[in-house]
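Visitor: fold the following.
(one chain, ligands or ions: 1)
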Amino acid sequence: MKIYLVTGGAGFIGSNFIKYMFKKYKHIKIINVDKLTYAGNLENLKEVKNHPHYKFIKADICDKKAIENIFKANDIDYVINFAAESHVDRSIKDPSIFAKTNVLGTVNLLNCAKAAWETNNGFKLGKKFLQVSTDEVYGSLENTGYFTETSPLDPHSPYASSKASADLMIKAYFDTYKMPVNVTRCSNNYGPYQFPEKLIPLMIYNCLNKKILPVYGDGLNIRDWLYVIDHCKAIDLVIENGKLGEIYNIGGHNERTNIYIVKTIIQYIKKNVDPTITENLIKFVEDRKGHDRRYAIDPTKIRNELGWKPKTSFEEGIKKTIQWYLENNTWLDNITSKEYQDAYNKMYGN
Ligand SMILES: Cc1cn([C@H]2C[C@H](O)[C@@H](COP(=O)(O)OP(=O)(O)O[C@H]3O[C@H](CO)[C@@H](O)[C@H](O)[C@H]3O)O2)c(=O)[nH]c1=O
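Guide: From the prediction side, this is the model:
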């Protein structure tokens, strides 16, 4: 039975991944290591918490002893490193924790995996370390063009730079030690269980609560949106068939401006939930510092090499997502408790 060590599995993408994998495979074991920061929530995993092949360990990926012990106690086959500080605005306010978790945490995981997997004749067969990275490492595009795996690294925010640094450490472990690794670089994800600091869940939550919808700058920045389950499928394929040492870009050609996203959410909620909601809730606020203009992924490589293609269109995915937040308002209420409210009130008033 293959054993997966999933880090950050209590977060948005990690928890969706664990549930996806247990649905798809009967005979796998998953160990979920999560520090449970504000963005991690065991509620996200309630469906699998009693699964006989699932184990949760509360630990920080920077903690050498804790991670070493996991490798000593289990013959881990795959590491999927989701654990990261992921929010750009937070990184602009306080970069240090991004450098620590995203860079040093990754290096600690690499060292522990290397120690467990390396023999005198190279690495044990069948092992793999998959680093879950981001399209933000490529920087920003103007109106045309796409990021490919060979686009130069040009990160701008402390978050993006920390992820690019981690990617380069992965490269070093492949080039120097021939460690079995892959890097995936995905575009913006959305879907159930996303913490409401990111654009889509924040706008849904605020709209439902008739709060201001803060749009940065002119609202014309573009992101390439992918439904989270399509990302999970891509990661599974890269673990199974990705060529060692390779990078795979993941994206579904769903480019939308931020203002389009916000208006789509308003229209859906107005039509289906509360007819009194209007676009008057939109407030154009000060732009994010160093705000990247456009991200757009060229997914040709993963499509041609591994046969991946996204299943969920943006129109379908956004409806499913809004509907999920509507049906799970207790999840939202719990998660948007004190920390969120304090931050919101500080920025925009009550
Ligand atoms: C939170 C918020 C965001 N925005 C804008 C900023 C961006 O142009 C866009 C999306 O913002 P965010 O949801 O923070 O996502 P973004 O900065 O693109 O980064 C996300 O997508 C990346 C992948 O591209 C991931 O690596 C990051 O972890 C993830 O946070 O919406 C607003 O206009 N108002 C807001 O309140």
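
Visitor: the ligand contacts on the stretch 201-350 of the chain?
Guide: For the stretch 201-350 of the chain, the contact set with the ligand under C-beta under 6 Å from any ligand atom comprises 202, 214-216, 221, 223, 258, 288, 295. Where you see a C-beta, it was placed from the backbone N, CA and C, and this is true even at glycine.

Visitor: save those as TSV, and put in secondary structure too.
Guide: Below are these laid out as TSV (DSSP: H, G, I helix; E, B strand; the rest coil):
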residue	secondary structure
Leu202	helix
Pro214	strand
Val215	strand
Tyr216	strand
Asn221	coil
Arg223	strand
Asn258	helix
Arg288	coil
Tyr295	coil
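
Visitor: element containing His156?
Guide: Using DSSP states H and E, His156 is not contained in any helix or strand.

Visitor: what about the nearest residue to it once chain neighbours are set aside, how many residues nearby?
Guide: The spatially closest residue to His156, leaving aside those adjacent along the chain, is Gly290, at 4.8 Å (C-beta to C-beta, 6 or more residues apart in numbering). When neighbours are defined as other C-beta atoms under 10 Å, Gly290 has 12 of them.

Visitor: how about Gly290, secondary structure?
Guide: Following three-state DSSP, Gly290 is assigned to coil.

Visitor: got the contact list for it?
Guide: Contact analysis of Gly290 by C-beta atoms under 8 Å, 6 or more residues apart in numbering lists 92, 156-157.

Visitor: tell me which of the residues of the stretch 201-350 of the chain next to the ligand is nearest to Ser133?
Guide: Distance to Ser133, by C-beta to C-beta, is smallest for Tyr295 among those, at 13.0 Å.

Visitor: the closest one contacts Leu226, doesn't it?
Guide: No: between Tyr295 and Leu226 there is no contact under C-beta atoms under 8 Å: 11.0 Å.

Visitor: more neighbours: which of those two?
Guide: Leu226 (27 against 23).

Visitor: the more buried one belongs to a strand?
Guide: Yes: Leu226 forms part of a strand when assessed by three-state DSSP.

Visitor: could you list the low-pLDDT ranges of the stretch 251-350 of the chain?
Guide: When residues are selected by pLDDT under 70, those of the stretch 251-350 of the chain lie in 336-350.

Visitor: what helices or strands is the one helix or strand Leu130 maps to leaning on?
Guide: Using DSSP H and E, Leu130 sits in strand 128-134. Judged by 3 or more C-beta pairs under 8 Å, 6 or more residues apart in numbering; DSSP states H and E, the packing partners of strand 128-134 are strand 78-81, helix 106-117, helix 158-177, strand 181-186, helix 228-241.

Visitor: and that strand with helix 228-241, angle?
Guide: Per axes from the mean of the first three to the mean of the last three C-alpha atoms, to 10 degrees, the angle that strand 128-134 makes with helix 228-241 is 150 degrees.

Visitor: what residues does the stretch 1-150 of the chain have near the ligand?
Guide: 86-88, 134-136.

Visitor: ok, Lys319 - contacts?
Guide: Contacts of Lys319 by C-beta under 8 Å, 6+ apart are Tyr268.

Visitor: relative to Asp287, how far out is it?
Guide: Separation of Lys319 from Asp287 (C-beta to C-beta, to the nearest Å): 29 Å.

Visitor: how many neighbours does Glu149 have?
Guide: Neighbours of Glu149 (other C-beta under 10 Å): 16.

Visitor: what bridges to the residue lying closest to it once chain neighbours are set aside?
Guide: For Glu149, ignoring the flanking residues on the chain, the nearest one in space by C-beta to C-beta, 6+ apart is Ile247 at 4.5 Å. Note on Ile247: beta-bridge partners by DSSP bridges are Val183.

Visitor: among the residues of the stretch 201-350 of the chain next to the ligand, which ones are buried?
Guide: If you count burial by 16 or more other C-beta atoms under 10 Å, the buried members of those come out as 202, 214-216, 221, 223, 258, 295.

Visitor: quick one, phi/psi of the residue of the chain most remote from its centre?
Guide: Most distant from the centre of the chain: Asn120, at 35.4 Å, with distances by C-alpha atoms, centre = their mean. The phi and psi values for Asn120, taken as degrees, to the nearest 10, are phi -70, psi -20.

Visitor: state the distance from it to the ligand.
Guide: 38 Å (C-beta to the nearest ligand atom, to the nearest Å).

Visitor: can you give me the distance of Val238 to Ser187?
Guide: 15 Å.

Visitor: er, Glu255 I mean
Guide: 9 Å.

Visitor: which residues does the one helix or strand Trp331 maps to contact?
Guide: Element membership for Trp331, per DSSP H and E: helix 329-335. Contacting residues not belonging to helix 329-335 are listed as 41, 43, 193, 195-196, 201, 205, 208, 325 [C-beta under 8 Å, 6+ apart].
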